[in-house]
Each structure stands twice: as C-alpha cells, then as structure tokens.
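A.B. asks: sequence and predicted structure are below.
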Amino acid sequence: MVSSPYTDIDRPPLHGRNLERALVRPGGLWTRLDLRAETASTNADAVEAAQGGEPEGLVVVAERQTAGRGRRDRTWISPARAGIAVSVLLRPGRPDAERDWLAVPVAAYGWLPLLAGVALVETVTRVAEIPAVLKWPNDLMIGDSKCAGILAEGVAGAVVVGIGLNVTLRANELPTDRPATSLQLAGAESTDRDPLLRSLLRGIATWYDRWRLAGGDAEASGLREAYRHHCGTLGREVRVRLPGGSELAGTATGIDVDGQLVLRDYAGEHTVAAGDVLHVR
Ligand SMILES: O=C(O)CCCC[C@@H]1SC[C@@H]2NC(=O)N[C@@H]21
C-alpha cells in the first residue's frame, strides 16, 4: 500500500522554505518567518516576541491553532491546514531613515487592521478569483458570509496584526453563531494556501510601505480610497452593536480620516470607532 504524506489530500502543508525564500529578502519588510505546525495563537506568539524586543517584520504562521483569538473575546477556529492563520509584527512608531519612513503617530495605528483588510480582499479577489468585500472594520465577506477576520493588538510599542482566512474549512467546521464560509465552499478557483499567503504578505508590505512613506496618512497614501473601494458596508442600511452593548441604526455613508465609520440616522451623523456591523439592506 502506498502511504500518503498527507493526512488529508485536500489539505497539503505550507511550503515553509519556499515561502521564506519568496518573502524574507534583504531590504524587505519581512525579516523572519516562524512557521509552526501547531500553536495556541499566532497573535499570542507575536505579542510575546514583541515583548521580548523582536524587531519589526516577524511573521508567525500556524497550520493549526488551539486557542485562536477573535475580536471581542471570541475564539477563532483553525483546523489543521484548512486555513491561513498568520500574525505580523509591525513597529510603525520607529522612523527608518534608509526607507524614508517617518514615525507614524499612535493616532493613525487604527489604520493597520484596515490596511491588512485591503491586502486581504485584493488577494482573495486576485488569487482565489472570487468576489469579496470588507464589512467595516475588517471582516472579509463573500456574499453575506464571513470568510476571514483580522485582530490587531497593541503591545510594547508594536502592533501585532493577525489574519485568519478560511480556505478549505467544511460546513461542519465553521462557527455556527453567524453566517460563515470558506473559499472552497464559496467556489473559489484556487484554494492553494501558498500563493494566497505570499500574495497577502506582499500586499501588506506594499501598502505598509506606501502608508509609512506618507507618515501614516491614509489619504495621502491612497489607503483610504482603496479601503472605501473595497468596503461593502458603504451605502448600506446597517445596525451597529457598540462596545457598551447599545445599538445604532442608519445608513453607512463614509469612512473618516481616522478609519471610523460614518453613519447617518434621523438625528444626524455619527462616527463609530468600534463595533459589530450587521448589514440590514
Ligand atoms: O474575530 C475576528 O474576526 C478576528 C479573527 C482573527 C483570527 C486570526 S487567526 C491568526 C491570528 N491569531 C489569532 O489568535 N487570531 C488571529
């Protein structure tokens, strides 16, 4: 009997050496790729590395997470080799004379998860060839179902941005509390995780460079326009559950210079810094 090197033929492993060669280059943003077969949470690993003084550019990837973290204390399900679970360590507050990067003011750090969202939606559209949009702030939606999420955590002068993308998860592996999907279930052309991950990390590096060259100005770097272009929330009737538990309902009309959602209701305009959006119509 011929034994398969894979436990699941549809779920081959990532090719760490190839990824490292493609991504970690002199002068590039990515300095180190830490690819783990299993970990509790890649965000937790990157946060720990940041606390230990790790420089900008670390990439932590896991084939499986046992305690993946989601926004608002939710968990993120990461079955082995079925998705992309990646966290990157960025230090936007440190100027870099060689790259002409100024220090980004802390007030602009909120753009980082949105920046990762733009790189993610560009990757999914181009590599998986499937139409996707961002639900503010940074859920990747295919139709009305969530296919990926982003969690940014600030630590020791650094920001860790973690991205979870459902690639080949089956229906019975997805969360049941809200509509969710994977690229495979949504009928993607390609579900090969290596090119998806390469494209995602290259996209983040490209947008990060533009944003840093503009000193963290989302307008001047074109990031705000790109975000608006991909944001499926704009123009929709929405309900937003705010962090305190109260709700706002209205029409999503814009994204302000700080990346906040602008909502219009009968009483006027509101800006929303954080919350869970439900697209109503
Ligand atoms: O709730 C969300 O939508 C955010 C989910 C973020 C999940 C990713 S998977 C990689 C990284 N490690 C984690 O523990 N969480 C993020």
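C.D. replies: On my side now, so go ahead. Numbering: from 1, shown residues only.
A.B. asks: longest helix anywhere in the chain?
C.D. replies: Ranked by residue count, the top helix of the chain under DSSP state H comes out as helix 193-213.
A.B. asks: get me the contact residues on the stretch 101-250 of the chain for the ligand.
C.D. replies: Residues of the stretch 101-250 of the chain lying close to the ligand (Cβ under 6 Å from any ligand atom) are 139, 149, 150, 151, 162, 163, 164. (Each C-beta comes from the backbone N, C-alpha and C, glycine too.)
A.B. asks: make sure the last one is indeed in a strand.
C.D. replies: Meaning residue 164. Yes - judged by DSSP: H, G, I helix; E, B strand; the rest coil, residue 164 forms part of a strand.
A.B. asks: I'd like to know the beta-bridge partner residues of it.
C.D. replies: residue 85, residue 149 (DSSP bridges).
A.B. asks: surely it touches residue 146?
C.D. replies: No - using Cβ atoms under 8 Å as the test, residue 164 is too far from residue 146 to be in contact (10.1 Å).
A.B. asks: show me which of those two is the more surrounded one.
C.D. replies: residue 164 (24 against 18; other Cβ atoms under 10 Å).
A.B. asks: on the pLDDT front, check that one for me.
C.D. replies: pLDDT for residue 164: 98.
A.B. asks: same question for the one 10 residues further on.
C.D. replies: Note for residue 174: predicted pLDDT of 97.
A.B. asks: for residue 3, same thing?
C.D. replies: The per-residue pLDDT reported for residue 3 equals 45.
A.B. asks: the stretch 1-150 of the chain: helices as residue ranges?
C.D. replies: In the stretch 1-150 of the chain, the helices defined using DSSP state H, counting those that start in this stretch lie at 16-23, 42-51, 111-126.
A.B. asks: for residue 90, list each beta-bridge partner.
C.D. replies: Taking DSSP bridges as the rule, residue 90 bridges to residue 159.
A.B. asks: pretty sure it contacts residue 159?
C.D. replies: Yes - counting by Cβ under 8 Å, residue 90 touches residue 159, with 5.0 Å between them.
A.B. asks: overlap in contacts of the two?
C.D. replies: Residues touching both residue 90 and residue 159 (Cβ atoms under 8 Å, 6 or more residues apart in numbering): residue 112.
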